[in-house]
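Visitor: task: produce atomic coordinates for the following.
(chains A and B)
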Amino acid sequence: MTTIGKFFRTTAIKLSLIYLAVFAGFAVFLVLYLNTNTATLLTRQLNDTINAEIKGLAEQYGQRGLPGLIALVERRSRQPGANLYLLVNESGNVFAGNIARISPSLFQNVNSEPKEIRYRLIEEGTVAEGHTALVRVFELRGGFKILVGRDVGEREALQEVARQTFAIAGVLLVILGLISWVFVSRRVLKRIDAVSTTTQSIISGDLSRRLQITGSGDEFDRLAIGLNAMLSRIEELMHGLKQVSDNIAHDLKTPLTRLRNRVESTLAEEGKSDGYRDALEMTIDEADQLIKTFNALLLIARVEAKAPGEAMDDLNLSQIVDDVAELYEPLVEEQGMSFVVSTPDKAPVYGNRELISQALANLLDNALKYAPMETCETEGTSEASSKGAAKIEITVQKNQLGSFLTVSDNGPGIDEDSRARVLQRFSRLDSSRSQPGSGLGLSLVSAVAGLHNAKITLQHTNASSIDSSDKSKPRGLSVSIQFPEQRATANNAGELADIK
Amino acid sequence: MTLSDTSAGNTNRFALPSRNAHETPKEHMKILIIEDDQEAAKYLVKALTEAGHVADHAADGDTGAHKALVYDYDVLIVDRMLPKRDGLSIIEDLRERDKQTPVMILSALGQVDDRVKGLRAGGDDYLPKPYAFSELLARIEVLARRRKPEDVETIYTVGDLELDRLSHTVVRAGQNIILQPREFRLLEYLMRHAGHVVTRTMLLENVWDYHFDPQTNVIDVHMSRLRGKVDKEFDKPLLHTVRGAGYVIRDDNR
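Guide: Sure thing, here's the model as predicted:
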């Protein structure tokens, strides 16, 4: 029952039935129309024939009298496919004719419109089977009445043809309907079915599935291409989301556990109020750090999702860089590093000042953290490491592609194989584990670059001058962001991190 | 939100800034807290009372809107998401009825556009949750003063330090002090709120127009530079660090 119900609910059968009904309706109309029109036409022709015959006979009667008329009727009656004749006198006696006696009442209304009657033909003295004819009675002088008629068999035959045509057409229609059903269900709806099957498997969790594209370029291909693009975007976002939740699970649980353990162990120590105070302060510190990490994560996710609401403006990258550099300059100098900032007057960029500033701030925070690391051979205090010639350089250039921002330091740099990794969330290189940080700084930079359709590149600051096999020497990190010409198409977000 | 001074590992860092800590003769504020989280509201009322203010609490949007309209508060602290009525609609309503009580918006959303929306609705300041109480206190104290006409003054004076906003000159004890433009704005902001604690985040927002937290304490270095110019060669320091909160400029003799 349900399978039949399902069958009738499919679009294929619905479409086929609708087509069938429409065509059948049209065919019925056509046949009926033809039928009535031809019937009318034929009836009129019959009438004309009958009238002409009557006229001819009446003339004959006028010229040659009764015997002439009888002779004419007799002669015409014998012709093959003859009209029907019946000549009677006032009392109803038959004088001539080729049909069997019929009801005398017919002769009462004379000169009326032609009538359809049943008659039997007399041929060679025998009485044939009954037929239908269209007849008319005409009164002649002297009380004679002549009936002239014509068999309607032709008309009937034509109607029969029409009926047959209709029957054949009906069968053809059903066959055509079946064919269209097969075609629609096989060729067209199969693809829709494929779409819904794919959709089902995506719903059940397999986000990597894509719709098939046949390459015919028809509506289904276009639909599939559109849906696939949508799926890719969704997968990308889902992936980001999953990564965030994984990250949260992993990297936020650790400090939370630490925090909890500290509180627990403090509670276990009795009666030391000083210890309580220290523990609480550390707890707040750690909670603050957690909140910061959490906020950074949310911001990255938001920027990566390209959430609307981040106002984009025509900005001058030089101005942004100068402002951030001005904010950091005292700090860099205090750390005993040299700070070189070179910006042209104008470097147009279409973007969000706050986010670009924050990305730059993150890069500077990193440079401040890592640049002094290798200037001092031995692990030491910040006092000692600041003695070296640590250097941070920010450059803004205008090129044919747009605006180009570079932040370089002369710290240890990042090895080629690790470069893709450092842009991911929470990834921290082993060498930096001892430093404070959440591992989110560069991820935000990468996300911000993505939002601006900018390309981020990580290199060694002095890659060319140093022998790559000599890894003990600091080669420095140089992070470049190529901002596109203003208002470039904001579509291709996905593959932004191209690592050289 | 603000990362408190991490370098200091001393005691009392997170003590609520009390009247003693500020040592400024401060009129207490009447504050209305519109917040549906009972726990958070209770904590706020307690902390604000301890800081010497009078705090009132409304647990839902309707009550809050009614109280804010009928009574005269110095500051409203409005949670963004409230039962019965959205926090922003309360603010819009108040502003429409020409009630200009300063409003601090608290929001768990904490995103750039959320902040913009809040300020556009007529809020005066915005703080994403979770926040440090010291940050909230510093901000509402500044907000409460905003109504007063001191802002139109062209010359700020703290002790023997004088800042002329029109001629961009700073003089201390008759001695001219040369400041960089940003240092001038930093000092100007501090002096406008003389006697009141301003946090690092407030400085970053108002002097540099950034709404993010740099990992490193960039503000502290700027402050120490400013100190070097304003306080160093004079016997009495005017710029003070408030542990766990921020900075304040004040003349201790007054």
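Visitor: quick one: the helices in chain B, in order.
Guide: Per DSSP state H, chain B carries helices over the ranges B:19-22, B:38-50, B:61-70, B:87-96, B:112-120, B:133-145, B:181-192, B:200-207, B:218-230.
Visitor: number of nearby residues for the spatially closest residue to B:I219 that is not a sequence neighbour?
Guide: Excluding its sequence neighbours, the residue lying closest to B:I219 (Cβ to Cβ, 6 or more residues apart in numbering or on different chains) is B:R200, at 4.4 Å. The way it works is simple: take the backbone N, C-alpha and C, and place the C-beta from them, glycine included. B:R200 has 23 neighbouring residues, counting by other Cβ atoms under 10 Å in any protein chain shown.
Visitor: over to A:D417?
Guide: 8.
Visitor: isn't there a strand covering it?
Guide: No. Counting by DSSP: H, G, I helix; E, B strand; the rest coil, A:D417 falls outside a strand, being helix.
Visitor: flag every residue of chain A that's near chain B.
Guide: Proximity of chain A to chain B is confined to A:274, A:277-278, A:280-281, A:284-285, A:288-289, A:291-292, A:295, A:298-299, A:302, A:309-311, A:323, A:326-328, A:330-331, A:334, A:354, A:357-358, A:361-362, A:365, A:368, A:437, A:441 under the rule Cβ under 8 Å from any Cβ of the partner chain.
Visitor: among those, which are in strands?
Guide: Among the residues of chain A next to chain B, none falls in strands (DSSP state E).
Visitor: hmm, A:L317 is touching A:I481, no?
Guide: No. Using Cβ atoms under 8 Å as the test, A:L317 is too far from A:I481 to be in contact (9.4 Å).
Visitor: follow-up on the earlier one: buried deepest among the helices of chain B, which one?
Guide: helix B:133-145 (a mean of 22; mean count of other Cβ atoms under 10 Å in any protein chain shown).
Visitor: where does pLDDT dip in the stretch 101-250 of chain A?
Guide: Residue ranges of the stretch 101-250 of chain A with pLDDT under 70: A:109, A:111-112, A:123-128.
Visitor: tell me where it has strands.
Guide: Under the criterion DSSP state E, counting those that start in this stretch, strands of the stretch 101-250 of chain A are mapped to A:115-123, A:126-139, A:145-151.
Visitor: picking up where we left off before, mean pLDDT added to the helices of chain B, as JSON lines?
Guide: Shown next, in JSON lines, are the helices of chain B (pLDDT from 0 to 100):
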{"stretch": "helix B:19-22", "mean pLDDT": "41"}
{"stretch": "helix B:38-50", "mean pLDDT": "91"}
{"stretch": "helix B:61-70", "mean pLDDT": "89"}
{"stretch": "helix B:87-96", "mean pLDDT": "90"}
{"stretch": "helix B:112-120", "mean pLDDT": "79"}
{"stretch": "helix B:133-145", "mean pLDDT": "87"}
{"stretch": "helix B:181-192", "mean pLDDT": "93"}
{"stretch": "helix B:200-207", "mean pLDDT": "90"}
{"stretch": "helix B:218-230", "mean pLDDT": "92"}
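Visitor: dump these to JSON lines, plus distance to A:I50.
Guide: Putting the helices of chain B into JSON lines (distance: least, Cβ to Cβ, whole Å) gives the following:
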{"stretch": "helix B:19-22", "distance to A:I50": "127"}
{"stretch": "helix B:38-50", "distance to A:I50": "107"}
{"stretch": "helix B:61-70", "distance to A:I50": "97"}
{"stretch": "helix B:87-96", "distance to A:I50": "93"}
{"stretch": "helix B:112-120", "distance to A:I50": "94"}
{"stretch": "helix B:133-145", "distance to A:I50": "111"}
{"stretch": "helix B:181-192", "distance to A:I50": "117"}
{"stretch": "helix B:200-207", "distance to A:I50": "110"}
{"stretch": "helix B:218-230", "distance to A:I50": "117"}
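Visitor: looking at those, which is nearest to A:A96?
Guide: helix B:87-96 (108.6 Å; Cβ to Cβ).
Visitor: list the contacts for A:P255?
Guide: By Cβ atoms under 8 Å, 6 or more residues apart in numbering or on different chains, A:P255 lies in contact with A:E286, A:Q289, A:L290, A:T293.
Visitor: now those residues as TSV including pLDDT, neighbour count and distance to B:L179?
Guide: As requested, those are arranged in TSV below (pLDDT from 0 to 100; neighbours: other Cβ atoms under 10 Å in any protein chain shown; distance: Cβ to Cβ, whole Å):
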residue	pLDDT	neighbour count	distance to B:L179
A:E286	84	15	38
A:Q289	81	16	34
A:L290	83	17	38
A:T293	81	20	36
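Visitor: one step back: just name the most buried of the strands of the stretch 101-250 of chain A.
Guide: By mean count of other Cβ under 10 Å, the strands of the stretch 101-250 of chain A have strand A:145-151 as the most buried, with a mean of 24.
Visitor: coming back round to it: buried subset of the residues of chain A next to chain B?
Guide: By neighbour count, with 16 or more other Cβ atoms under 10 Å in any protein chain shown, the residues of chain A next to chain B hold A:277, A:281, A:284-285, A:288-289, A:291-292, A:295, A:299, A:302, A:310, A:323, A:327-328, A:330-331, A:354, A:357-358, A:361-362, A:365, A:368, A:441 as buried.
Visitor: ok, the closest residue to A:A296 other than its chain neighbours - how many residues close by?
Guide: Using Cβ to Cβ, 6+ apart and skipping the chain neighbours, the partner closest in space to A:A296 is A:L440 (4.5 Å). A:L440 is flanked by 25 other residues according to other Cβ under 10 Å.
Visitor: which residues touch whatever residue of the stretch 101-250 of chain A ends up closest to chain B?
Guide: Ranked by Cβ to the nearest Cβ, the top residue of the stretch 101-250 of chain A for proximity to chain B is A:V244, at 15.0 Å. By Cβ under 8 Å, 6+ apart, the contact list for A:V244 reads A:L297, A:I300, A:A301, A:R425.
Visitor: closest to A:V161 among these?
Guide: A:A301 (77.3 Å).
Visitor: so who does that closest one touch?
Guide: Contacts of A:A301 (Cβ under 8 Å, 6+ apart): A:G240, A:L241, A:V244.
Visitor: 6 Å - rerun?
Guide: A:V244 (Cβ atoms under 6 Å, 6 or more residues apart in numbering or on different chains).
Visitor: for the residue nearest to A:A296, give me the pLDDT.
Guide: At A:L440, the model reports a pLDDT of 81.
Visitor: what about it, distance to A:L360?
Guide: According to Cβ to Cβ, to the nearest Å, A:L440 and A:L360 sit 15 Å apart.
Visitor: now swap in A:P80 and tell me
Guide: 112 Å.
Visitor: ok so A:R64 is a helix residue?
Guide: Yes. Secondary structure of A:R64 (three-state DSSP): part of a helix.
Visitor: and for it, the neighbour number?
Guide: Neighbours around A:R64, by other Cβ under 10 Å: 13.
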